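> this is the structure alone, sequence omitted:
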């Protein structure tokens, strides 16, 4: 810490006082520092002096401003090793080979786990249970028969209208009649795949990608061709075009906003280039936007769909990652394929739960959803910082960590000697779940990678769990 001088400007003395508190651990990465007015009263200085102090701390990388929220302690970038750029490697279509490990992972969330860092679900304290329960009580009094009824596909019109209204913030202009309500995003993804392809067809995916994408491809008897993706810039479009030319690809699945597991938000220019490339080859894009509302930027990122002029983009999303996985509600939008999707939904699961549809529609209409999301994404960003800091502190030298633009997962590259599947089983014996890297690849790549769920509230127990993971890594010699 720099020595204070009575000759230094007043704002600098205020700034260095707070800098010292941060260095000594009084404020940790992700913590909110006192408001401008609070610090003004505490030091008996003007508001403008405190603002100067905060701007100085911001320029030094100690804090960052968040719109309509205040200033927060920032993790200095020098203390984290970012993931390196990917090394493009051409792939060929392959069957998915990781289903057994995925099934084991999903079962591990029941019973054996005390600290769940594997499955990417938010902690219950991060979900708006109080507001949702209040809405359920109101709806139950108003429409008691709703809990014993359902609407056939394409689902609740009030909810489809709310989704269509929200599409403006995505850069789109959906019509309610082009939206189908589903039982979560996984059903939406399966319906889209069944609409555009048949068993034996080739589907291109990012690599790494969310393992349920791969499980859906496998379950439908299709093959995957992996397109390497960089943790900052996304998929390699040159390799995607190579696959389009050589493998009769029927569709491409992309997580364009807050990628799972890499965390990036694809730039608008790249979204446009992606859509134009797929249009040239008349190949459909299935856009998974489950985490789009959880981007850390002040403005909600656009969809690749906003650049679609040929109707080849099918957009999937859900409310599982933002308000409740238990409501089991997702949706899919498509103009060109809507009738096929709605028909497949009808013959597959008939309908989605009507009470859940009514609850989410009212939560959206009331403005409660927007208020909740503004609050929770700030918390998730703070949690991602706290987890990153702990990984940097406890994991072996050479560990590299993603820098997510949104969501609540970290993608971590471990030293090459470490086998993430071995680490997964060792951690499970300690009551800790993680997601090993190979399940994010159709062909089992990423053996020395893991994904960590940062959606649970930071605590001493979580800190000890990450310390334990670091020690388990060190034990692999």
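Yes, it's here. Values in this document were obtained by computation on a predicted structure and should not be read as measured data.
> and the spatially closest residue to residue 319 that is not a sequence neighbour, how close does it get to residue 434?
Leaving out its chain neighbours, the residue that sits closest to residue 319 by Cβ to Cβ, 6 or more residues apart in numbering is residue 329, at 5.1 Å. Quick note: C-beta positions are derived from backbone N, CA and C, even for glycine. The gap separating residue 329 from residue 434 is 28 Å, by Cβ to Cβ, to the nearest Å.
> same deal with residue 395?
12 Å.
> joint contacts of these two?
residue 469 (Cβ atoms under 8 Å, 6 or more residues apart in numbering).
> just give me the residue right at the centre of this structure.
residue 407 (3.3 Å; Cα atoms, centre = their mean).
> got the contact list for it?
Contacts of residue 407 by Cβ under 8 Å, 6+ apart are 258-260, 263, 291, 294-295, 321, 380.
> 7 Å - rerun?
Counting by Cβ atoms under 7 Å, 6 or more residues apart in numbering, residue 407 makes contact with 258, 260, 263, 291, 294.
> and the next helix or strand past the strand ranked longest in the chain?
Across the chain, the longest stretch assigned as strand under DSSP state E is strand 223-230. Using DSSP states H and E, the helix or strand that directly follows strand 223-230 along the chain is strand 234-235.
> and the contacts of that next one?
206, 227, 229, 254, 264, 266, 270.
> quickly list what the first one is bridged to.
Here residue 206 sits in beta bridges with residue 227, as judged by DSSP bridges.
> and residue 335, how far is that from residue 341?
For residue 335 relative to residue 341 (Cβ to Cβ), the value is 11 Å.
> who has more neighbours out of these two?
Set residue 335 next to residue 341 and count neighbours by other Cβ atoms under 10 Å: residue 341 wins out with 26 against 15.
> how about that one, secondary structure?
Following DSSP: H, G, I helix; E, B strand; the rest coil, the label given to residue 341 is helix.
> residue 93: how many residues sit nearby?
Residues lying near residue 93 (other Cβ under 10 Å) number 20.
> shouldn't it be in contact with residue 247?
Yes. Counting by Cβ atoms under 7 Å, residue 93 touches residue 247, with 5.5 Å between them.
> now do the shared contacts for those two.
Counting by Cβ under 7 Å, 6+ apart, the contacts common to residue 93 and residue 247 are 202, 225.
> which ones are touching the residue nearest to residue 319?
Applying Cβ under 7 Å, 6+ apart, the residues near residue 329 are 181, 184, 318-319, 352, 356-357, 360.
> check which helix or strand covers the closest residue to residue 176 other than its chain neighbours.
Spatial nearest neighbour of residue 176, chain neighbours left out: residue 160 (4.1 Å); criterion: Cβ to Cβ, 6+ apart. Assigned by DSSP H and E, residue 160 falls within helix 157-166.
> tell me how far residue 162 lies from residue 401.
37 Å.
> and the two? which has more neighbours close in?
residue 401 (23 against 20).
> my guess is the more buried one contacts residue 412, does it?
Yes. Taking contacts as Cβ under 7 Å, residue 401 lies within contact range of residue 412: 5.5 Å.
> overlap in contacts, the two.
Joint contacts of residue 401 and residue 412 (Cβ under 7 Å, 6+ apart) are residue 391.
> for burial, what's the neighbour tally of the nearest residue to residue 449 once chain neighbours are set aside?
Distances taken as Cβ to Cβ, 6+ apart place residue 437 nearest to residue 449, at 3.1 Å, with adjacent residues excluded. When neighbours are counted by other Cβ under 10 Å, residue 437 registers 26.
> tell me the contacts of residue 437?
So residue 437 contacts 420, 446-450 (Cβ under 7 Å, 6+ apart).
> who does residue 410 form a beta bridge with?
residue 452.
> 35 is where my numbering starts, stick with that
Sounds good: first residue 35 from here, last item residue 444.
> got the confidence number for it?
Residue 444 is assigned 97 on the pLDDT scale.
> quick check: it touching residue 434?
No. Using Cβ under 7 Å as the test, residue 444 is too far from residue 434 to be in contact (10.7 Å).
> and the pLDDT at the residue nearest to the centre of the chain?
pLDDT at residue 441 comes out at 96.
> relative to residue 173, how far out is it?
Residue 441 is 30 Å from residue 173, by Cβ to Cβ.
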